[in-house]
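A.B. asks: let me see the structure of the following:
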Amino acid sequence: MAFEQDLLELLPRLRRFARSLTRNIDDADDLCQMALERALNKRDQWQAGTRLDSWMYKITRNIWIDTVRAAGRREHVANDDDAMERIAGDDHRRMESRMELKDVDRAMDRLPIEQREAVSLVLVEGFAYKEAAALLDIPIGTLTSRLVRGREALQRELGEAA
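C.D. replies: I've put the predicted structure just below:
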């Protein structure tokens, strides 16, 4: 039962990571569901005492890659413009915060997937460089360069949005 509870506690972070990959809320939820199903079906492959979050991120990423390949495309395009309509009733400060988050979200969407994965794992989810590199099956130097390019692109995008 502890395994299932740990999965439930991980779900918000997993959804955020899935959203960074798919760039679409509905697709992210579908991706999370597939990852959870796979984890539950293959729970005997997870080693107690190891990081469940790393294992789940790896499962999620692998499913996403398989899905994209099967569909014959590399990227999804999200259209979340109706989100701005949903915040019309909020107070001014809250609206400004959401608009800033929307700018960040759009800037993240414009990053190439390799940079978006690196930024999401290290800067958003807080993984150490070594862990993120292992999850992505890349050398730490490659991860570092993707992070540098991703940060620079985000700074440029967000500088223009301000």
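
A.B. asks: and the helix or strand harbouring residue 149, what does it pack onto?
C.D. replies: Using DSSP states H and E, residue 149 sits within helix 140-161. For helix 140-161, the packing partners by 3 or more C-beta pairs under 8 Å, 6 or more residues apart in numbering; DSSP states H and E come out as helix 92-110, helix 113-119, helix 129-136. In short, each C-beta sits where N, CA and C put it, glycine included.

A.B. asks: now do residue 128, the pLDDT please.
C.D. replies: We have a pLDDT of 91 for residue 128.

A.B. asks: contact partners for it?
C.D. replies: Residue 128 makes contact with residue 122, according to C-beta atoms under 8 Å, 6 or more residues apart in numbering.

A.B. asks: what about it, distance to residue 34?
C.D. replies: Distance from residue 128 to residue 34, counting by C-beta to C-beta, to the nearest Å: 27 Å.

A.B. asks: one more: residue 141?
C.D. replies: Residue 141 is 32 Å from residue 34, by C-beta to C-beta.

A.B. asks: the more surrounded of these two?
C.D. replies: residue 34 (17 against 10; other C-beta atoms under 10 Å).

A.B. asks: right, and the more buried one touches residue 63 too?
C.D. replies: Yes - using C-beta atoms under 8 Å, residue 34 is in contact with residue 63, at 5.1 Å.

A.B. asks: report the buried residues of stretch 26-38.
C.D. replies: The neighbour-count check on stretch 26-38 (16 or more other C-beta atoms under 10 Å) flags 27-28, 31-32, 34-36, 38 as buried.

A.B. asks: can you add distance to residue 115, secondary structure and pLDDT and give those residues back as TSV?
C.D. replies: TSV is the format used below for the buried residues of stretch 26-38 (distance: C-beta to C-beta, whole Å; DSSP: H, G, I helix; E, B strand; the rest coil; pLDDT from 0 to 100):
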residue	distance to residue 115	secondary structure	pLDDT
27	19	helix	91
28	18	helix	91
31	19	helix	93
32	22	helix	93
34	24	helix	93
35	22	helix	94
36	27	helix	94
38	26	helix	94
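
A.B. asks: okay, those in TSV with distance to residue 52 next?
C.D. replies: Below are the buried residues of stretch 26-38 laid out as TSV (distance: C-beta to C-beta, whole Å):
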residue	distance to residue 52
27	23
28	19
31	17
32	14
34	17
35	12
36	12
38	13
